[in-house]
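Participant: Below: sequence and its predicted model.
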Amino acid sequence: MKPNTVVSRDAWIEARRALLAEEKAFTCARDALSARRRDLPWMKLEKDYRFEGPDGTVTLADLFGGRSQLVVQHFMFHPDWEAGCKSCSFWADSFDRAVDHLAGRDTGFAAVSRARIESLETFRARMGWTFRWVSSHGSDFNEDFDVSFTPEQLESGTVFYNFEQTIFPAPEAPGISVFARGDDGAIYRTYSTYGRGLDMLNATYQLLDLTPKGRDEADLPHSMAWVKLRDTITG
């Protein structure tokens, strides 16, 4: 790796302080954006979504685990696939140990996929994850949250994803949705994010962004061509 311009300690600290000022401005802007995110209006859910878990049928309300907030990972796993999406798995590796900390702030967590529960349980055991993962097979949940597409939608040329009509190359798409239980007992959608909106939830990417090479993806066929399932990484 070739170094950038090499300077003295004093010059390096001066350059670092200049960048620090920009980082602080970014942090303030991010805090303001997070406040705007919290101020979004809520959408009341009218459907009683039901899922299959390892112990039988559960509702969306059950996934809260008695808490007032719920974060759901829309995990790409089509019923016909033999394994879960590599990219979604890359994100999921960041979530497992966060579950207890989320619970400490009145927030539940679950992953939801269209594959049958037997496939999810097999893959979860393979990857060593412990977070809750349920199957939406047979329900409208994935379609209603714009993360699963029918063959007809794909053949039409565009699908509705990330809040716009766009071209998408697969029948499943990634995302995160957040829900809240109101004082009236109803469940509300408070936030969803897709595409690059998921970046901030990937711990590995955040660490790579600190390094000289960064994500180092510019010369790849596509940005995440390097990503592998954790148990297939060697060296």
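Facilitator: The structure has been received and is ready for your questions.
Participant: Near E143, how many other residues are there?
Facilitator: Other residues near E143 come to 14 when the count uses other CB atoms under 10 Å. Every C-beta, even on glycine, is put in place using the N, C-alpha and C of the backbone.
Participant: what helix or strand is it on?
Facilitator: Here E143, judged by DSSP states H and E, is contained in helix 141-144.
Participant: Mind checking the pLDDT average for that helix?
Facilitator: Averaged across helix 141-144, pLDDT comes to 98.
Participant: Enumerate the positions of it that are buried.
Facilitator: Neighbour-count burial for helix 141-144, counted by 16 or more other CB atoms under 10 Å, picks out F141, N142.
Participant: For that helix, give me every contacting residue.
Facilitator: Residues from elsewhere that reach helix 141-144 (CB atoms under 8 Å, 6 or more residues apart in numbering): K47, Y49, F51, L60, H74, V112, R114, S136, S148, F149, T150, E172.
Participant: Out of these, which end up buried?
Facilitator: Using 16+ other CB under 10 Å, the buried members of those are Y49, F51, L60, H74, V112, R114, S136, S148, F149, E172.
Participant: Now do the first one, the pLDDT please.
Facilitator: So the one you mean is Y49. Confidence score, pLDDT, at Y49: 98.
Participant: pretty sure it contacts V58?
Facilitator: No: using CB atoms under 8 Å, Y49 makes no contact with V58, being 9.7 Å away.
Participant: hmm, back to that, next, check the buried ones among the contacts of helix 141-144 against the helices and list the overlap.
Facilitator: Using DSSP state H, L60 are the members of the buried ones among the contacts of helix 141-144 that sit in helices.
Participant: Looking at the buried ones among the contacts of helix 141-144, which are in strands?
Facilitator: Those of those mapping onto strands are F51, H74, V112, per DSSP state E.
Participant: Run the chain-centre distance for the helix ranked longest in the chain.
Facilitator: Longest helix in the chain, counting residues (DSSP H): helix 9-38. Distance of helix 9-38 from the chain centroid (CA atoms, centre = their mean, to the nearest Å) equals 25 Å.
Participant: ok, and what's touching the helix or strand following it?
Facilitator: Later in the chain than helix 9-38, the nearest helix or strand by DSSP H and E is strand 43-44. Outside strand 43-44, the residues within contact range by CB under 8 Å, 6+ apart are G182, A186, I187, Y188, R189, T190.
Participant: gap between the second one and S136?
Facilitator: To S136, A186 is 20 Å away according to CB to CB, to the nearest Å.
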